[in-house]
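Asks: here's a sequence, model it:
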Amino acid sequence: MPATSRLNRRTFLVASGLGLGGVTFGRPQRMLANADAQTTGGKAKSTILFFLCGGASHIDTWDMKPHAPAEYRGPFEPISTSAPGLTLCEHLPLLAEQAHHLAAIRSVSGTVNTNDHHAGYYYNLTGHVPDVTFKTKGNDRTPYPDDWPYMGTVVAAKRPAHPYLPNAISLPHMPSRKPYTRPGQFAARLGVEYDPLYLNGSRDEPLKFKAPSLELQQNVTSGRIASRSELLTAFDDARREFDAVGSAQTWNRQTDRALSLLSSSKTTEAFDISGETESVRQRYGNSVNAMSLLLARRLVEAEVPFITVFWLGEGAGSAVAKKCKSAGSWDTHGSNFDCLKDHLLPEFDQCFSALIADLSERGLLDETLLMVTSEMGRTPKIGDPRSGGVSGAGRDHWTHCLTDLLVGGGVQGGQAYGSSDKLGEYPADKPVTPADVTKTVYHAMGIHDLEATDLEGRPYNLLAEGAPITELF
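Replies: Okay, here's the model as predicted:
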């Protein structure tokens, strides 16, 4: 049989979730690990990170400045919440009802020398300051094999392996469209075996999620998976084709992982939200972002350690993207206030508040950490030159100050930690960095041993900078 025919039966080596799509990003290696030592000290069994792709405006949402000049504060008003003294934007009424669970870190300084999306992703997802290549290459700065790993993959590596699911799952897309894939969301130097499994969703069919790396081809039934000899022949061909994989040991681990996922009925059950009641789905909302959070809750129930939901926008060329003068999502270069009021905030308000309430009612909030972050905030002074200045009513990129939200996982709700200055431009009280926030996630998850080994067997620290914000707990 020709090699090409056998390769066509490689039924699930398509996306990076099982290693091959991310082969060029990482180098397989083993970590120094002690599962018992790693999982003590934190309440959180799982983390859901909700990443607002594009750069959410901190000054119009959770760090409003009602006493600032009009050219800064904009038209939105703050409202009181279920937490005395903690205010939110008037267009977040449902989240306001859940604010007693909420901790807002208003003093995050994520300054990067490029002030752009690539570097913002990298800094806030890994905790590491972007290196000079982000400045020299700009949007051509692709993910590198020796990048620092995403916090979710560090958790995945440090926790004991899940019996039938990956330890890290990301959905409903991989930001951003190739070739402009955002760095920072992969295991990188940690090794591709820890890369997240990516589930794809769409705005057209929000109830359907597909794992490209787990999809069977039309002529392959689940029964044929048991024929290991045929599959392993295909794997051998694939290994030769993708010789960048590294050691055979890692390849075998990836093979076993793929077979385990494909053959487990529990995998399909965990990814299927059609069984959720109509009332539950309506509570979250009808969007793909809402259903992604609902699926994330199901994955928490299945005890997956780290789930990431990357906000999926309307996309370039859509009416919303044209209004916002961007590729969509939270990148509000133009008509910032209309984009937030008419589109972004109502959708976020409904689905995220529903997630908090749902986890709380199910008794899962204390053992689940929720985090909301973005690659940056927005310029506190209204007016982006690329959309007509003041008349365009947009806000440009602003990495100098942003707000992160934490809920559950032992975090004390109903509080604001730190503050920005009177205009929302820079941290003022208790300034922190993305490294501190990342360390706080690790602390909540009970992960304190951040030692790994490189390909030469030499130990190194996965994040030497920063310290957990223990006052939040």
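
Asks: CA atoms of stretch 311-326 as PDB?
Replies: Only the C-alpha atoms of stretch 311-326 are listed here, as PDB (Å, rounded to 0.1, in the frame of the first residue of the first chain):
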ATOM      1  CA  TRP A 311     -13.300  35.200  23.100                       C
ATOM      2  CA  LEU A 312     -14.400  34.600  19.500                       C
ATOM      3  CA  GLY A 313     -15.400  37.800  17.800                       C
ATOM      4  CA  GLU A 314     -17.400  38.400  14.700                       C
ATOM      5  CA  GLY A 315     -14.300  38.500  12.600                       C
ATOM      6  CA  ALA A 316     -12.700  40.800  10.100                       C
ATOM      7  CA  GLY A 317     -15.100  42.300   7.600                       C
ATOM      8  CA  SER A 318     -18.100  41.900   9.900                       C
ATOM      9  CA  ALA A 319     -20.400  44.800  10.700                       C
ATOM     10  CA  VAL A 320     -19.100  44.900  14.300                       C
ATOM     11  CA  ALA A 321     -15.400  44.800  13.100                       C
ATOM     12  CA  LYS A 322     -16.100  47.700  10.700                       C
ATOM     13  CA  LYS A 323     -17.700  49.700  13.400                       C
ATOM     14  CA  CYS A 324     -14.900  49.100  15.800                       C
ATOM     15  CA  LYS A 325     -12.200  49.700  13.100                       C
ATOM     16  CA  SER A 326     -10.500  46.400  13.900                       C
END
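
Asks: identify the residues contacting it?
Replies: 50-54, 172-173, 201, 203, 288-289, 292, 327-336, 338-339, 343, 384, 386-387, 392, 394 (Cβ atoms under 8 Å, 6 or more residues apart in numbering). In this view, the C-beta of every residue, glycine as well, is placed from N, C-alpha and C.

Asks: just stretch 277-293 next, same as before
Replies: 48, 50, 171-172, 201-203, 206-207, 209, 273, 294, 309, 311-312, 347-348, 350-352, 354-355, 357-358.

Asks: list buried residues within these.
Replies: If you count burial by 16 or more other Cβ atoms under 10 Å, the buried members of the contacts of stretch 277-293 come out as 48, 50, 171-172, 201, 206, 209, 273, 294, 309, 311-312, 347-348, 350-352, 354-355, 357-358.

Asks: just those residues: which are in helices?
Replies: In helices, judged by DSSP state H, the following of these are found: 294, 347-348, 350-352, 354-355, 357-358.

Asks: CSV for these, including pLDDT and distance to Arg281?
Replies: Shown next, in CSV, are these (pLDDT from 0 to 100; distance: Cβ to Cβ, whole Å):
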residue, pLDDT, distance to Arg281
Leu294, 98, 7
Glu347, 98, 14
Phe348, 98, 17
Gln350, 98, 12
Cys351, 98, 11
Phe352, 98, 15
Ala354, 98, 10
Leu355, 98, 13
Ala357, 98, 14
Asp358, 98, 11
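
Asks: just the buried ones among the contacts of stretch 311-326, please.
Replies: Judged by neighbour count, with buriedness set by 16+ other Cβ under 10 Å, the buried members of those are 50-54, 172-173, 201, 288-289, 292, 327-336, 339, 343, 384, 387, 392, 394.

Asks: just give me the residue right at the centre of the protein.
Replies: By Cα atoms, centre = their mean, the chain has its centre lying nearest to Thr308, at 3.8 Å.

Asks: that one and Asn167 touch, don't they?
Replies: No - Thr308 is not in contact with Asn167 according to Cβ atoms under 8 Å; the separation is 12.0 Å.

Asks: which positions in stretch 459-470 come out as buried?
Replies: Applying a neighbour-count criterion of 16+ other Cβ under 10 Å, the buried positions in stretch 459-470 are 462-463, 466, 468-469.

Asks: repeat that for stretch 283-290.
Replies: 283-285, 287-290.

Asks: how far out from the middle of the chain is it?
Replies: Remark: stretch 283-290 is offset 17 Å from the chain centroid, using Cα atoms, centre = their mean, to the nearest Å.

Asks: end-to-end on it?
Replies: End-to-end span of stretch 283-290 (Cα to Cα, to the nearest Å): 9 Å.

Asks: now swap in stretch 89-106 and tell me
Replies: Distance between the two ends of stretch 89-106: 14 Å, counting by Cα to Cα.

Asks: report the distance from it to the chain centre.
Replies: Relative to the centre of its chain, stretch 89-106 is centred 20 Å away, using Cα atoms, centre = their mean.

Asks: ok, and for that stretch, which residues are buried?
Replies: By neighbour count, with 16+ other Cβ under 10 Å as the criterion, the buried positions of stretch 89-106 are 89, 91-96, 98-106.

Asks: again, but for stretch 188-205
Replies: Applying a neighbour-count criterion of 16+ other Cβ under 10 Å, one finds 188-201 buried in stretch 188-205.

Asks: before we move on, back to that, in strands, which of the buried residues of stretch 89-106 fall?
Replies: 89, 102-106 (DSSP state E).

Asks: how about the helices in the stretch 201-350 of the chain?
Replies: For the stretch 201-350 of the chain, the helices defined by DSSP state H, counting those that start in this stretch cover 228-241, 248-263, 265-271, 278-284, 288-301, 319-324, 336-339, 345-361.

Asks: those: lowest mean pLDDT?
Replies: Looking at the helices of the stretch 201-350 of the chain, the lowest mean pLDDT belongs to helix 228-241 (a mean of 54).

Asks: domains of the protein?
Replies: By the record's domain assignment, the chain is partitioned as 1-30+213-272, 35-209+278-472 (automatic domain parsing).

Asks: and those, which is most packed in?
Replies: Each of the domains of the chain was scored by mean neighbour count; the highest is domain 35-209+278-472, a mean of 20, by mean count of other Cβ atoms under 10 Å.

Asks: now do the contacts for Leu365.
Replies: 101, 356, 359, 407-408.

Asks: what secondary structure does His162 sit in?
Replies: The three-state assignment at His162 reads coil, by DSSP: H, G, I helix; E, B strand; the rest coil.

Asks: ok, the residue nearest to it when sequence neighbours are not counted - contacts?
Replies: Of all residues not flanking His162 in the chain, Val304 sits nearest, at 6.2 Å (Cβ to Cβ, 6 or more residues apart in numbering). If a contact means Cβ under 8 Å, 6+ apart, then Val304 has 46, 162, 165-169, 270 as its contacts.

Asks: likewise for Glu97?
Replies: With Cβ under 8 Å, 6+ apart, Glu97 has these contacts: 81-82, 353.

Asks: any chance of TSV for these, columns distance to Thr136?
Replies: Below are the contacts of Glu97 laid out as TSV (distance: Cβ to Cβ, whole Å):
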residue	distance to Thr136
Thr81	44
Ser82	48
Ser353	42
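
Asks: sketch out the low-pLDDT regions of the stretch 301-450 of the chain for me.
Replies: Segments of the stretch 301-450 of the chain classed as low confidence (criterion: pLDDT under 70) are not present in this model.

Asks: picking that back up, among the buried residues of stretch 188-205, name the ones in strands.
Replies: Short answer: these in strands (DSSP E) are 197-198.

Asks: for the buried residues of stretch 188-205, which two are the farthest from each other?
Replies: By the measure Cβ to Cβ, those have their two most distant members at Arg189 and Gly201, which lie 29.0 Å apart.

Asks: quickly list what the residue nearest to the centre of the chain is bridged to.
Replies: Leu49, Ser170 (DSSP bridges).

Asks: show me where the stretch 51-200 of the chain has helices.
Replies: Along the stretch 51-200 of the chain, counting by DSSP H, counting those that start in this stretch, helices occupy 70-73, 93-97, 117-126, 133-137, 151-158.

Asks: all set, thanks.
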